[in-house]
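Trainee: okay, predicted coordinates and the sequence, questions at the end:
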Amino acid sequence: MKQLLILSGKGGTGKTTIASAFIRFSDPEAFADCDVDAPNLHLVTQQGSVSNKKNYYGLPRAKIDVTKCIKCDICRQNCRFDAILLDGTYKVDTFACEGCGVCEVLCPANAITSKPAVDGELLLYEKDKNIFSTAQLKMGSGTSGLLVTEVKKQMKEAKPDAGFAIIDGSPGIGCPVIASLSGVDMVLIVAEPSLSGISDMKRIMETAQKFGIKTAVCVNKFDINIENTEKIEEFCIKEKVAFVGMIPFDKNALKAVNKGMTIADVDCAAGKAAKEVFEETAKRLFEKGDETQW
């Protein structure tokens with residue numbers, strides 16, 4: 001399975017807009033939304049019906065049995081995360097608890113146990129021959145990287161014979177992005193021509209290249225700052241990273257997304273440019289030969 005991961009160094013660059021258009025252009029048998037903190041790919045793709053839904057259990061959480069608690073205060077004094085509170089009785093702040101188990105080990109009354117906690121929900125959609133894997137992380141959970149791994153695992157297990165998959169990743173360079181990078185064949189970075197956009201592009205490019213993954217860059221809304229777009233292209237040439245095209249700012253694209261459509265579903269300048277970017281990206285993804293060409 002060839003896996004194309006679409007990333008951006010920051011939110012708002014149009015990463016999901018490009019990913020959804022690529023899905024329309026290629027009709028892959030498998031695709032996934034790994035932005036588990038705020039998944040929204042399903043809003044603009046016809047994902048079909050849910051074929052599997054299950055709870056995702058992340059880190060365990062401590063639980064105190066107040067009937068056994070002798071109020072020795074050992075647990076609270078030794079909790080590095082300040083997750084144990086005293087308000088008449090001892091209780092655990094489940095948002096702060098990291099499930100390390102120190103309190104359970106130290107409790108002389110065996111009043112503390114660690115229980116699996118539901119940290120999110122895994123969803124698998126099916127439509128004809130296509131599958132779509134996604135998830136929603138529970139608010140306050142810090143296990144986004146682990147859940148991303150489960151989303152990708154679910155996608156591969158549901159469609160092991162798929163030749164091609166598109167993955168919409170998370171913005172930034174945090175844990176969910178690192179988990180998304182594992183095992184993919186190519187990364188397309190969607191950049192925007194702003195100072196922060198250039199800085200964030202460089203960070204995500206450096207992160208991807210540390211994994212030894214083929215990397216390409218496209219610029220979305222390139223015409224809002226031509227000078228910065230040229231700087232991005234020059235930087236890619238200098239770093240020997242494939243520059244696969246530019247997509248203009250297009251009000252028709254905004255209208256399409258607001259209607260739950262992709263830019264590939266309407267006749268607009270952004271959609272046409274995205275098609276060219278897709279074709280250039282596909283050439284590099286499926287090209288055979290020495291990887292130094294990338």
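Mentor: Everything's here; your move. All figures in this text were calculated on a predicted structure; none of them were measured in a lab.

Trainee: tell me where the stretch 101-250 of the chain has helices.
Mentor: Counting by DSSP state H, counting those that start in this stretch, one finds helices in the stretch 101-250 of the chain at the ranges 102-106, 144-158, 175-181, 195-210, 226-239.

Trainee: reformat those helices as a markdown table; add mean pLDDT and mean neighbour count.
Mentor: The C-beta positions use only the backbone N, C-alpha and C, and glycine is treated the same way. Shown next, in a markdown table, are the helices of the stretch 101-250 of the chain (pLDDT from 0 to 100; neighbours: other C-beta atoms under 10 Å):
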| stretch | mean pLDDT | mean neighbour count |
| --- | --- | --- |
| helix 102-106 | 97 | 16 |
| helix 144-158 | 94 | 20 |
| helix 175-181 | 92 | 22 |
| helix 195-210 | 91 | 18 |
| helix 226-239 | 96 | 15 |
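
Trainee: with distance to V219 added, can I get those helices in a markdown table?
Mentor: Shown next, in a markdown table, are the helices of the stretch 101-250 of the chain (distance: least, C-beta to C-beta, whole Å):
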| stretch | distance to V219 |
| --- | --- |
| helix 102-106 | 49 |
| helix 144-158 | 26 |
| helix 175-181 | 20 |
| helix 195-210 | 9 |
| helix 226-239 | 5 |
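
Trainee: quick check: which of the ones you listed is nearest to A135?
Mentor: helix 144-158 (5.0 Å; C-beta to C-beta).

Trainee: tell me how far that closest one is from the chain's mean position?
Mentor: 11 Å (C-alpha atoms, centre = their mean, to the nearest Å).

Trainee: now stretch 6-19: mean pLDDT?
Mentor: Average pLDDT, stretch 6-19: 92.

Trainee: name the residues of it that are buried.
Mentor: I6, L7, S8, G9, K10, T13, G14, K15, T16, T17, I18, A19 (16 or more other C-beta atoms under 10 Å).

Trainee: okay, strands next: where are they in the stretch 51-200 of the chain?
Mentor: 61-64, 84-87, 89-92, 112-115, 118-127, 130-137, 164-171, 186-191 (DSSP state E, counting those that start in this stretch).
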